[in-house]
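> Following is a predicted model, sequence given first.
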Amino acid sequence: MDPLQELLDWATSHGVKLNGIAPERIPGRGIGVLATRDIETDEIVLDVPTNCLRTLSTVPKARLRRLGDNKNISVHGILAADLALDSSGKFAPWDAVVPRSEDLVGLPLTWHPDLQALLPQHAAELLAGQKTKFARDWDAVAGAFPELIKGKGKNGGKEGVGMDRYRHAWLLVNSRTFYYLDAALKKRRSTSRDDHMTLQPVADLFNHADEGGCHVAFGGDGFAFRATAPCRKGEEVKICYGRHGGDFLLAEYGFVMRENCWDEVLLDEVVLKRLDEAQKKRLEDAGFLGRYVLDRDTVCHRTQVALRLLCCKVGEWMRFVNGSDDGEGSQGAVDTLLLELLREYVVIIEDRVDGIRVLEVGERSQVDMLIERWEQIRKLVDTRIASLEGEITT
Ligand SMILES: C[S@@+](CC[C@H](N)C(=O)[O-])C[C@H]1O[C@@H](n2cnc3c(N)ncnc32)[C@H](O)[C@@H]1O
């Protein structure tokens, strides 16, 4: 039988209700969810009861006991251990449709370090966070389940096949969990919002849309997915994973979107190098050092503050920071400086893309994805340059 049909049979026998939707393979997006009839706004298209979820509460007690009181492992890490070690067959129809390792090569955690080194700043920071978290989780899991450390890993590493299997499970958890909180999670000490997660077979087949996706509501009985816009038969039904820019989608989900109304880029690389140590200290003390964001329309207030420090006398800058000066008088100088910095950034972007093109590592799809991401950033920067040029000359 078709594995997707088996998953649906399994899910419906566990109380999952699909209404006017069905999963299908979609070129370039793995599996997604299509409308099988016209869907109206506010229709509930999917109901997932709590008994279908894979959470901390469904991890066998014996497995949890072996992890002991280890505070270093995250809930993410425990769920991944459960996926990697599970041989119960309880979720077999789901295991049969989730992406295999070769389907996850878009996630930068799987990339060659030379390619990782050419990620945009925000994506690189997210990746660094993942590496630290993964290393901690793997340490805890490898210590508790030494039977996982056997054979040679894909990269011939001493950690063995177990680490590859664990990383695959860890990435599945990374890219397909939903926010969730229950008694077990509340009881567990030292959990943060990041630990409030669950895996949901079937619901995890929805792809992401920046706008117009189904609304996901989580209550005591489970999850309900409600259409927020009409969807015609045959169209893809999506949800919004969050208002994420392209760097986040690339680092955490391993894909790039052609159009994304939430896209943004960090300008720290060009702004910070203009600041001397005293200016950095001043900005730090005021809470404005770093995280200078350009989105599809404009730069953020933090950028306005940092650039004003480079254009104004300190007194005027302080009045802008405390809100007693609206900054109108210095806006022209700030815009001129911003234009200069954005032009500098264009040169950096071109350099990065050239650097990626000459690399002889990584898979074609990874290289293409990284170049596409830099091209998106270039588009954001070029758009702002064009509008600043128009504003400055008029
Ligand atoms: C929650 S899963 C969605 C189901 C997934 N497509 C599958 O085949 O199982 C998230 C993954 O789907 C893919 N994805 C989600 N939204 C996408 C989009 N708009 N474009 C391309 N890929 C997308 C990414 O690989 C992401 O990591």
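Cool, got the structure.

> Where do the helices of the stretch 151-300 of the chain begin and end?
Secondary structure of the stretch 151-300 of the chain (DSSP state H, counting those that start in this stretch): helices located at 161-176, 183-187, 246-248, 268-272, 277-286.

> which residues touch the shortest one?
Read that as helix 246-248. 119-123, 126, 242, 256-257, 260, 263-266, 373, 376-377 (CB atoms under 8 Å, 6 or more residues apart in numbering). For every residue, glycine as well, the C-beta is placed using N, CA and C.

> and the residues you listed near the ligand, which?
M257 (CB under 6 Å from any ligand atom).

> give me every residue that touches T55.
T55 makes contact with L79, Y180, D182, A184, L185, M197, T198, L199, according to CB under 8 Å, 6+ apart.

> Show me these that map onto strands.
Counting by DSSP state E, the contacts of T55 place M197, T198, L199 in strands.

> List only those of the residues you listed flagged as buried.
Listed as buried from the ones in strands among the contacts of T55 are M197, T198, L199; burial here means 16 or more other CB atoms under 10 Å.

> Can you get me a residue count around the residue of the chain found nearest the ligand?
Nearest residue of the chain to the ligand (CB to the nearest ligand atom) works out as G30 at 2.4 Å. By other CB atoms under 10 Å, 16 other residues sit near G30.

> gap between it and S365?
As for G30, its distance to S365 is 13 Å (criterion: CB to CB, to the nearest Å).

> ditto for S101
Remark: distance between S101 and S365 (CB to CB) = 14 Å.

> Could you list the low-confidence segments of the stretch 51-200 of the chain?
150-161 (pLDDT under 70).

> Show me what from it comes close to the ligand.
Close to the ligand, as judged by CB under 6 Å from any ligand atom, the stretch 51-200 of the chain has residues P99, G106, S175, R176.

> Sticking with D47, tell me its helix or strand.
strand 44-49 (DSSP states H and E).

> tell me what the very next helix or strand once past that strand is packed against?
Later in the chain than strand 44-49, the nearest helix or strand by DSSP H and E is helix 61-67. Contacting helix 61-67 under the criterion 3 or more CB pairs under 8 Å, 6 or more residues apart in numbering; DSSP states H and E are the following elements: helix 75-85, helix 121-144.

> CA atoms of the last one as PDB?
Just to be clear, that refers to helix 121-144. C-alpha atoms of helix 121-144 as PDB (Å, rounded to 0.1, in the frame of the first residue of the first chain):
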ATOM      1  CA  GLN A 121      25.500  36.200   9.800                       C
ATOM      2  CA  HIS A 122      22.100  35.400  11.200                       C
ATOM      3  CA  ALA A 123      22.000  31.900   9.700                       C
ATOM      4  CA  ALA A 124      25.600  31.300  10.900                       C
ATOM      5  CA  GLU A 125      24.600  32.300  14.500                       C
ATOM      6  CA  LEU A 126      21.600  30.000  14.500                       C
ATOM      7  CA  LEU A 127      23.800  27.200  13.200                       C
ATOM      8  CA  ALA A 128      26.400  27.800  15.900                       C
ATOM      9  CA  GLY A 129      23.600  27.500  18.500                       C
ATOM     10  CA  GLN A 130      22.400  24.200  16.900                       C
ATOM     11  CA  LYS A 131      26.000  22.800  17.000                       C
ATOM     12  CA  THR A 132      26.400  23.600  20.700                       C
ATOM     13  CA  LYS A 133      23.000  22.200  21.500                       C
ATOM     14  CA  PHE A 134      23.500  19.100  19.400                       C
ATOM     15  CA  ALA A 135      26.900  18.400  20.900                       C
ATOM     16  CA  ARG A 136      25.400  18.500  24.400                       C
ATOM     17  CA  ASP A 137      22.500  16.300  23.500                       C
ATOM     18  CA  TRP A 138      24.700  13.800  21.800                       C
ATOM     19  CA  ASP A 139      27.000  13.700  24.700                       C
ATOM     20  CA  ALA A 140      24.200  12.800  27.000                       C
ATOM     21  CA  VAL A 141      22.600  10.300  24.700                       C
ATOM     22  CA  ALA A 142      26.000   8.600  23.800                       C
ATOM     23  CA  GLY A 143      26.700   8.300  27.500                       C
ATOM     24  CA  ALA A 144      23.300   6.800  28.400                       C
END
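
> Residues contacting it, please?
Outside helix 121-144, the residues touching it (CB under 8 Å, 6+ apart) are 66-68, 70, 72-74, 76-77, 80-81, 84, 108-109, 116-117, 119, 148-149, 159, 162-163, 166-167, 170, 174, 245, 247-248, 250-252, 265-266, 268-269, 373.

> buried set for that helix?
122-124, 126-127, 130, 133-134, 137-138, 140-142, 144.

> Which members of the residues you listed are the farthest-apart pair?
The largest separation in the buried residues of helix 121-144, counting by CB to CB, is between H122 and A144 at 33.5 Å.

> Is the closest residue to V237 other than its chain neighbours bridged to anything, and to what?
Distances taken as CB to CB, 6 or more residues apart in numbering put V33 closest to V237, at 4.8 Å, once the chain neighbours are dropped. Counting by DSSP bridges, V33 forms beta bridges with P23, V237.
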